[in-house]
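Trainee: My questions concern the predicted model and sequence given below.
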Number of protein chains: 2
Amino acid sequence: MSAGKVVLALDGMGGDHAPDVVVNGADIARERYPGTTFLLFGDAARLKPLVDKRKGLAQVLEIVPAEDAVLAEDKPSFALRRRRKSSMWLACEAAAQGRADSVVSAGNTGALLAISMFAMRMIEGADRPALASFVPTARGESVMLDLGANIECDAANLAEFAMMGSVFAQVLMGLDTPKVGLLNVGSEELKGHEEVRQAAAWLRREDSPVSFHGFVEGNDIGAGLVDVIVTDGFTGNVALKTIEGTAKLYTGWVRDVFRTSTLAKIGYLFAAGAWDKFRKRVDPRRYNGGVFLGLDGVCVKSHGGADDLGFAYAIGVAVDLVRYEYRSKLVEGLARMKRVTSAVEASETLEATGGSA
Amino acid sequence: MSAGKVVLALDGMGGDHAPDVVVNGADIARERYPGTTFLLFGDAARLKPLVDKRKGLAQVLEIVPAEDAVLAEDKPSFALRRRRKSSMWLACEAAAQGRADSVVSAGNTGALLAISMFAMRMIEGADRPALASFVPTARGESVMLDLGANIECDAANLAEFAMMGSVFAQVLMGLDTPKVGLLNVGSEELKGHEEVRQAAAWLRREDSPVSFHGFVEGNDIGAGLVDVIVTDGFTGNVALKTIEGTAKLYTGWVRDVFRTSTLAKIGYLFAAGAWDKFRKRVDPRRYNGGVFLGLDGVCVKSHGGADDLGFAYAIGVAVDLVRYEYRSKLVEGLARMKRVTSAVEASETLEATGGSA
């Protein structure tokens, strides 16, 4: 692709509000990210009228017919084997074959992971994909991973995720040395699973390529103590959804305040401008766009319930990852991490066999 | 103990702001829960002047000298073996030996768990203790457990926790049949660890003594979808602290709103009454007081950083558990759960050995 030009493959049929949200999101993104063009996969008869209504979109978007679609209730294995002609499959294939730089889908998460892994394969040096996304913090935002791609993780997976998250933060947040924390139940070295303690021991080494802060706890996420929070997919998924649930609870309570009395309603009118700022800060659409890190390609997962603006944010994540050369930086980072963990393993083997004596 | 009379053993030296907070908390609780008397363990020379300043408190409180104290940085095993003369140990012992109905401490969590387990032993039918506490929800509050007593749990532990949480909610929330949910990464039966799927299979049975809703996700906690959320100690600890961190983040953002402009400050004045209600709702002190369920006794853990009012809430939890006969209800519930899991195990053994064919 020529410099600045980015081609995105969009799954036109994925998500609760497809295909409308996909088309509208692309239209917003088209203005935000000039130089981006789209391959829109899906039911051409439904997509064409939607695209035609959007002036200018047709010039940067090509509809690629797909006769099938992955359903929300499809099991990943079923979608992988039986939905080869779906919009999701064809979009992933386009990105895997280089016809597009990245794929964006709001469809079935498990199916998207299975299909994108199969189509794109893993990037050199990565063993397992991890789902990463931004979370809101007092200092802006942080990256959290894994958010559900791996229910169980060993120490090597966690060390790899730390490296992948670090590169992700470098590329998307423009940080030179993002601070990485491992999620645990306490900040002391002795606490937690064997897996997190072993991963911490690796990351703490002087030759570790990530800037490791140490263990962090659940409350450190919102405080923005670190730029990257690393955990297994079970804990990460629970933590992310707990943040969403708590955010919703608090936003609801704030809304209640202004409904309780006439005085409160008047108060709201005075503070309306300030509330706009609050609403923007807490807008979950700003954090839309999870990325399967570790794939040999860029695959962005939008929230299934995302609206137009939310989907446009997910497209923005894909555009930035492509523009700022996330793939080459990731390959380099993973190679550096591998040198550390292999060296450690070799010296441990040596010790275990008595070779160092 | 005679009806209505409750004797509480207080660890006078535990927590960030001990002993002041303990004495002040007891003074608040004394007025709230008439009929309650206190045994206050700790450094008599420091405690006596504090108690004497509080008119009326000395009449319902007896200072029991303890020459040692568990420190925040003590390892549980060290505290268990080497702090036998600490305020925490002596307070737990008083509750274990029946001189008090319950113990309340804001000290080192791991040490308190180790010491209370050793002193009180497990209650009939319980295998492992679980730390339970209230979390705020859109429908009021829910009980969550385990919050960190067990880093790894098997299916039987989770089923037991479901029963213990259910009894806890019956006693403290006055619910006949609390709805219980198992925390997972998705609501489908096929998702999650083997442990949660096996526990769900048991809880779903017709003869299960708990009212099982099924799997719940992180966002369902704040929504108040169920009355009791059951999970392992690692995930529960992360989820609880993530709620705390997100709550703090949002409260900070709301505070920011009213600092941004003069108009916003005027708006605040109009809505001040409504904000009081909000502040009460989000006040973390209201949710203070974790309980180690499964012990043969009542042991309440206050947050280490709790203030006077927070500590008084923790005392309130202890008083209610004693007054509403949580122990006898727990023994009965655990026996019923055991009948189910043993029956299942027996029939599964039969199947596995071909006996049912």
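Mentor: Perfect, I can see it now. Since the structure is predicted, the reported quantities are computational estimates derived from the model, not experimental observations.
Trainee: Now do the same contact list for the residue positioned nearest the centre of chain A.
Mentor: When CA atoms, centre = their mean is applied to chain A, the residue found nearest the centroid is A:G290 (2.1 Å). A:G290 makes contact with A:131-133, A:147, A:300-303, according to CB atoms under 8 Å, 6 or more residues apart in numbering or on different chains. Backbone N, C-alpha and C define where each C-beta goes, glycine included.
Trainee: Can you get me a residue count around A:R32?
Mentor: By other CB atoms under 10 Å in any protein chain shown, 12 other residues sit near A:R32.
Trainee: now swap in A:F38 and tell me
Mentor: A:F38 - counted by other CB under 10 Å - has 27 other residues nearby.
Trainee: Could you confirm it falls within a helix?
Mentor: No: applying DSSP: H, G, I helix; E, B strand; the rest coil, one finds A:F38 to be strand, outside a helix.
Trainee: what does the model give it for pLDDT?
Mentor: pLDDT, the model's per-residue confidence, is 98 for A:F38.
Trainee: Spatially nearest residue to it, not counting backbone neighbours?
Mentor: A:L61 (4.2 Å; CB to CB, 6 or more residues apart in numbering or on different chains).
Trainee: From A:R279, how far off is A:A94?
Mentor: Here the criterion is CB to CB, to the nearest Å. By it, A:A94 lies 37 Å from A:R279.
Trainee: And those two? Which one has more around it.
Mentor: A:A94 (22 against 12).
Trainee: What mean pLDDT does the host helix or strand of that one get?
Mentor: In the assignment (DSSP states H and E), A:A94 maps to helix A:87-96. Averaging pLDDT along helix A:87-96 yields 98.
Trainee: hmm, who's touching that helix?
Mentor: Here helix A:87-96 has contacts from A:9-14, A:39, A:41-43, A:64, A:66, A:68-70, A:79, A:83, A:100-103, A:105, A:107-108, A:111-112, A:115-116, A:119-121, A:296-299, using CB under 8 Å, 6+ apart.
Trainee: can you rerun that using 6 Å?
Mentor: A:9, A:11-14, A:39, A:41-42, A:66, A:69-70, A:83, A:100, A:102-103, A:105, A:107, A:115-116, A:119-120, A:297 (CB atoms under 6 Å, 6 or more residues apart in numbering or on different chains).
Trainee: from the residues you listed, which are also near chain B?
Mentor: By CB under 6 Å from any CB of the partner chain, no member of these lies near chain B.
Trainee: which of those residues count as buried?
Mentor: A:9, A:11-14, A:39, A:41-42, A:66, A:69-70, A:83, A:100, A:102-103, A:105, A:107, A:115-116, A:119-120, A:297 (16 or more other CB atoms under 10 Å in any protein chain shown).
Trainee: Look up phi and psi at A:Y324.
Mentor: Backbone torsions for A:Y324, taken as degrees, to the nearest 10, come to phi -100, psi 20.
Trainee: which residue packs closest to it, ignoring adjacent ones?
Mentor: What sits nearest to A:Y324 in space, not counting adjacent residues and going by CB to CB, 6+ apart, is A:V171, at 4.5 Å.
Trainee: Can you list the buried residues in the strand or helix carrying that neighbour?
Mentor: Element membership for A:V171 (DSSP H and E) is helix A:155-173. Residues A:155-173 are the ones in helix A:155-173 that count as buried (16+ other CB under 10 Å).
Trainee: contacting residues around it?
Mentor: Taking CB under 6 Å, 6+ apart as the rule, helix A:155-173 contacts A:128, A:130, A:132, A:143, A:145-146, A:175, A:178, A:180, A:195, A:198-199, A:202-203, A:210, A:227-228, A:230, A:293-294, A:320, A:324, A:326, A:329-330, A:333-334, A:337, A:341.
Trainee: Run through chain A and note the low-pLDDT ranges.
Mentor: Low-confidence segments of chain A (pLDDT under 70): A:1-4, A:187-190, A:343-357.
Trainee: Strands of that one, start to end?
Mentor: Counting by DSSP state E, chain A has strands at residues A:6-11, A:36-42, A:61-65, A:102-105, A:130-137, A:140-145, A:179-183, A:211-216, A:228-230, A:290-293, A:298-301.
Trainee: what does chain A have sitting close to chain B?
Mentor: So chain A meets chain B at A:138, A:148, A:185, A:217-219, A:221-223, A:234-235, A:237-239, A:241-246, A:249-250, A:253, A:257, A:260-261, A:263-264, A:266-267, A:270-271, A:274, A:278, A:281 (CB under 6 Å from any CB).
Trainee: What is the neighbour count of the closest residue in space to A:R323 that isn't next to it in sequence?
Mentor: Spatial nearest neighbour of A:R323, excluding adjacent residues (CB to CB, 6+ apart): A:V6 at 6.4 Å. Neighbour count for A:V6, taken as other CB under 10 Å: 22.
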